[in-house]
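J.: Sequence and predicted structure, then a few things I'm wondering about:
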Amino acid sequence: MAKRNTKQIILDKALELFSTKGYDGVTVADIADAVGIKAASLYKHYESKQDIFDSILKRAADNFRQHTEQLGIDGHDYKNDVQKYEDMSLDTLINIGTSLFLYALHDEAGVMLRRLFTIEQYRNAEVSKLFTEQYINAPLAYQTALFKTFTERGIMKIYDADIAAAHFYSPIYLMLCLCDNCSEREQEALDLIRRHITQFNKLYMIGEEA
């Protein structure tokens, strides 16, 4: 088996185990058994269980960045996206919003990571911090910075940018939580997200009230 493939298989099997048993409930030996190798062989590829976990997170971040690049946005640094969103049509904005939602909902590794975060947030302080940062702090900070800049440029009404960010992000995250548990409601969620983005635009953006 090629070394590169073995490294990826280790990450895949480790994530499967983490997402069902939690981080602390899995040992390096468990991962090695799932891969079909000895623990000593696993250490040739990764230094520790923490190294495996960090590599899973990095891979997920890289995959998400690839997806946002395909959509023509950065998705992390608002400074790279301000002008793009300012020049963007409502239809394009809706397409980006629904595409990001569907990616989060259906990317297999992302789904397992979200399940892991949900399990571990109540018993592992470090994972809890990661969960809060990835699903709450980072998205809200990104949106808040965008909206502050839009207000300064005179294209968005003067409101509390923190509240506007919460208004924009909360329904989308709520629909993600809903579909994680009720997959049959995906189309309903997508329709709500489309209507939400349309209404948000009318309420907050100057010249979009009609």
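T.: Yes, it's here.

J.: From here on, just use CA atoms for contacts and neighbour counts.
T.: Noted.

J.: now the helices for this structure?
T.: 3-21, 28-35, 39-42, 49-70, 82-86, 90-106, 108-120, 125-132, 138-152, 161-181, 186-204 (DSSP state H).

J.: quick check, distance from the fourth one to the centre of its chain.
T.: In other words, helix 49-70. The chain centroid and the centroid of helix 49-70 are separated by 10 Å under Cα atoms, centre = their mean, to the nearest Å.

J.: contact partners of that helix?
T.: Defining contact as Cα atoms under 8 Å, 6 or more residues apart in numbering, one finds that helix 49-70 is touched by 10-11, 14-15, 27-28, 46, 74-75, 100, 109-110.

J.: can you rerun that using 7 Å?
T.: 11, 28, 46, 74-75, 110 (Cα atoms under 7 Å, 6 or more residues apart in numbering).

J.: What of the shortest one?
T.: Under the contact criterion Cα under 7 Å, 6+ apart, helix 39-42 has outside partners 28-29, 32.

J.: got the contact list for the residue nearest to the spatial centre of the chain?
T.: Central residue of the chain (Cα atoms, centre = their mean): A104, 5.8 Å from the mean position. Residues near A104 by Cα under 7 Å, 6+ apart: G110.

J.: Domain boundaries for this structure, per the record?
T.: Domain assignment of the chain by automatic domain parsing yields the ranges 1-57, 71-204.

J.: Contacts only, for I9.
T.: By Cα under 7 Å, 6+ apart, I9 lies in contact with V35.

J.: and if we set it to 10 Å?
T.: 3, 15, 31, 34-36 (Cα atoms under 10 Å, 6 or more residues apart in numbering).

J.: returning to what we had before: okay if I get the helices of the chain as TSV plus mean pLDDT?
T.: Output for those, formatted as TSV (pLDDT from 0 to 100):
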stretch	mean pLDDT
helix 3-21	89
helix 28-35	96
helix 39-42	92
helix 49-70	94
helix 82-86	93
helix 90-106	96
helix 108-120	91
helix 125-132	91
helix 138-152	96
helix 161-181	96
helix 186-204	97
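
J.: neighbours of D62, just the number please.
T.: 11 (other Cα atoms under 10 Å).

J.: right, and L176 touches E186 too?
T.: Yes. In this structure, L176 is within contact of E186 by Cα atoms under 10 Å, at 8.8 Å.

J.: Tell me which of the two has more neighbours.
T.: Neighbour totals were compared for L176 and E186, and L176 leads with 20 against 17 (other Cα under 10 Å).

J.: mind checking how far that one is from T118?
T.: Distance, L176 to T118, by Cα to Cα, to the nearest Å: 13 Å.

J.: likewise F150?
T.: Distance from F150 to T118, by Cα to Cα: 34 Å.

J.: quick one, which of the two is more surrounded?
T.: The residue with more neighbours, out of F150 and T118, is F150; 21 against 15, by other Cα under 10 Å.
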